[in-house]
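> A predicted structure for the sequence below; I have some questions about it.
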Amino acid sequence: MNAIDYERRKATYQVALEAWGPEAQTKMAVEEMSELTKEICKIWRGKIDREALADEIADVTIMLEQLRLIYNVNDAVCAHMDKKIRRLKGRLGIQEGDADGL
């Protein structure tokens, strides 16, 4: 599988933003999140479709990366993620530098 690195994805996002604009892409992000929500709700009814779930997670991830660019919040998102992951590790009793690589 040939993975597309972040810089190439970012370049594609810039073209999408130029083509459709930030408002349309923000609305598309909301639409994609609702489609992921629908797939998650199906799981609760015992109807998991792993391929559809993976597809919707991919769509949402792409749109979230675009939102980070549109609103120029990438560094802030990274900082918040670090803080929240440290908090989660604390709740789980995981110490920084544990041998398990966490």
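Cool, got the structure.

> which stretches of the chain have low pLDDT?
In the prediction, the chain carries residues with pLDDT under 70 at positions 1, 98-102.

> make it 50
In the predicted model of the chain, no residue satisfies pLDDT under 50.

> the helix or strand hosting Asp82: how far from the chain's middle?
In the assignment (DSSP states H and E), Asp82 maps to helix 74-92. How far helix 74-92 lies from its chain's middle: 15 Å, per CA atoms, centre = their mean, to the nearest Å.

> so the most centrally placed residue in the chain, which state does it fall into?
The residue lying closest to the centre of the chain (CA atoms, centre = their mean) is Thr61, at 3.1 Å. State at Thr61, reduced to three classes by DSSP: H, G, I helix; E, B strand; the rest coil: helix.

> tell me where the chain has helices.
Here the chain has its helices, by DSSP state H, at 6-44, 50-70, 74-92.

> need the winner for burial among these.
helix 50-70 (a mean of 16; mean count of other CB atoms under 10 Å). C-betas here are computed from N, CA, C, even on glycine.

> from the contact counts, what lies against it?
Under the contact definition 3 or more CB pairs under 8 Å, 6 or more residues apart in numbering; DSSP states H and E, helix 50-70 sits against helix 6-44.

> how far off helix 50-70 does the helix it packs on point, in degrees?
130 degrees (axes from the mean of the first three to the mean of the last three CA atoms, to 10 degrees).

> for helix 6-44, the distance to its chain's centre please.
Using CA atoms, centre = their mean, the offset of helix 6-44 from its chain centre is 9 Å.
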